[in-house]
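Participant: build me a structure from this.
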Amino acid sequence: MKVLVPIKRVVDYNVKVRPNSDGSDADLTNLKMSINPFCEIAVEEAVRLKEKGVATEIVAVSIGQEQSQEQLRTALALGADRAILVSTDSVVEPLAVAKCLRELCVREEPDLVLLGKQAIDGDNNQTGQMLGALTGYAQATFASELTVQNDEATVIREVDGGLQTIRLNLPAIVTADLRLNEPRYASLPNIMKAKRKPLDIVTSEELGVDITARTNLIGVKLPPERQAGIIVEDTKQLLDKLKNEAKVI
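Facilitator: A predicted model of the protein is given here:
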């Protein structure tokens, strides 16, 4: 069984991002970049499927600038067998990403596409669903548990009312939620081995995909700072503050 795992290069989740001086975009100068955390969970789940003997090949995919090779090499060090970079200097929106992945699905014919439910930079939560619509594959989002057996995938997913269990016929698309697993760290020997694993580079033009942006970014700004809280002496003072100052009652 072949597993396709799309990953995205994002600012490391420990780094605080600030806007440019003109507020036109986020300032990413000299910031630490890493694999999107939800994508990392997807890579880990694919590796676990391979360790169980369910998956036979894991293909990591990224769509972005040449620097995304760094994150692909990390995925290879974590256990992916080979990688593909769709190289572009443009800002790629979820629909364009889904279209590129659809073309790669036609070429690679994966049995399972396993990706993070969303990226922490845009928080769009759209790519997996759009890919399902474009390919016609069965899909399950927000997976907290995944089992693959006999050409079927059983997914426990988190919904507002609790947990929902669904069964999918392969090929299928599954988006990983936070509680699906805890990703491992890449060992030094595996990091060295990853340098020798194949990494192919293609362009969106070679895939026949138009990645022209359909939205325009108007501006970026930090959220307003919250005022410091105060300590009240009793309930009477609390009610007075809520009524006369906060004006919420």
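Participant: what comes into contact with the lowest-mean-pLDDT helix or strand in the chain?
Facilitator: Among the secondary structure pieces of the chain, namely its helices and strands, strand 26-27 has the lowest mean (mean pLDDT, DSSP states H and E), a mean of 82. Strand 26-27 is touched from outside by 11, 17, 18, 19, 20, 21, 121, 220, with contacts defined as CB atoms under 8 Å, 6 or more residues apart in numbering. All C-beta atoms are positioned from the backbone trio N, CA, C, and that covers glycine.
Participant: hmm, 7 Å instead?
Facilitator: Residues lying outside strand 26-27 but in contact with it, judged by CB atoms under 7 Å, 6 or more residues apart in numbering, are 17, 18, 19, 20, 220.
Participant: tell me, how many neighbours does the fourth one end up with?
Facilitator: Think residue 20. 13 (other CB atoms under 10 Å).
Participant: for it, what are its contacts?
Facilitator: Residue 20 makes contacts with residue 27, as judged by CB under 7 Å, 6+ apart.
Participant: would residue 43 count as being in a helix?
Facilitator: Yes: per DSSP: H, G, I helix; E, B strand; the rest coil, residue 43 lies within a helix segment.
Participant: so it touches residue 3, yeah?
Facilitator: No: using CB atoms under 7 Å, residue 43 is not in contact with residue 3; the gap is 9.6 Å.
Participant: quick check: neighbours shared by those two?
Facilitator: Overlap of the contact sets of residue 43 and residue 3 (by CB under 7 Å, 6+ apart) is empty.
Participant: following the lengthiest strand in the chain, which helix or strand comes up?
Facilitator: As assigned by DSSP state E, the longest strand anywhere in the chain is strand 138-149. The first helix or strand that comes after strand 138-149 along the chain, using DSSP states H and E, is strand 152-159.
Participant: need the pLDDT of residue 23.
Facilitator: pLDDT, the model's per-residue confidence, is 83 for residue 23.
Participant: so it: helix, strand or coil?
Facilitator: Under three-state DSSP, residue 23 falls in the coil class.
Participant: distance of it relative to residue 222?
Facilitator: In this structure, residue 23 and residue 222 are 10 Å apart, going by CB to CB, to the nearest Å.
Participant: no further questions, thank you.
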